[in-house]
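**Q** would you be able to build a 3D model of this:
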Amino acid sequence: MRINKLDEISGDEIIPGFIGKFIHGKEMSLAFWNVKKNSTVPVHNHHQEQCLYVKKGVFELTINSKKKVLKENELIIIKSNEEHSGTALTDCELIDVFAPTREDYKNK
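**A** A predicted model of the protein is given here:
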């Protein structure tokens, strides 16, 4: 068993304005995001189920063409293969949990 410190994990800019720090288990991935205001994640989907938690800021999420505004301390589940996108309406700190593991983030 290894204890990790978030401030010792290096961040990667996955898409413009989205700096992510990642930790992976056998069946899930955790992503800690610092997102700059007005940064956008384009429409996409993935087979992982996703839980998005807004730690700080305001984030507009679009799921299947329906917009939702998430504020601090709010979270939402995004089902497997649902099309979604989002825009940071303010600077944000977000936490994502993905299950199963996001293999495409493992080298980050």
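**Q** ok, the spatially most central residue of the chain - contacts?
**A** Within the chain, one residue has its C-alpha closest to the average C-alpha position: by CA atoms, centre = their mean, that is residue 96, at 4.0 Å. For residue 96, the contacting residues are 29, 30, 31, 33, 50, 51, 52, 53, by CB atoms under 8 Å, 6 or more residues apart in numbering. Quick note: C-beta positions are derived from backbone N, CA and C, even for glycine.
**Q** report the secondary structure state of it.
**A** Taken by DSSP: H, G, I helix; E, B strand; the rest coil, the conformation at residue 96 corresponds to strand.
**Q** look up the pLDDT of residue 104 for me, please.
**A** Note for residue 104: predicted pLDDT of 88.
**Q** and the gap between it and residue 72?
**A** Distance check for residue 104 against residue 72: by CB to CB, to the nearest Å, it reads 28 Å.
**Q** which one's more surrounded, those two?
**A** The neighbour count for residue 104 versus residue 72, taken as other CB atoms under 10 Å, is higher for residue 72 (14 against 11).
**Q** give the closest residue to the residue nearest to the centre of the chain in space, chain neighbours not counted.
**A** residue 31 (4.1 Å; CB to CB, 6 or more residues apart in numbering).
**Q** put the alpha carbons of the helix or strand hosting the one you found into CSV.
**A** Under the assignment given by DSSP states H and E, the secondary-structure element containing residue 31 is strand 29-35. Output in CSV follows, covering the C-alpha atoms of strand 29-35 (Å, rounded to 0.1, in the frame of the first residue of the first chain):
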residue,chain,number,x,y,z
SER,A,29,-9.1,6.3,-12.2
LEU,A,30,-9.1,9.6,-10.2
ALA,A,31,-8.5,12.9,-12.0
PHE,A,32,-7.9,16.2,-10.2
TRP,A,33,-8.3,19.2,-12.6
ASN,A,34,-7.4,22.8,-12.4
VAL,A,35,-9.3,24.5,-15.2
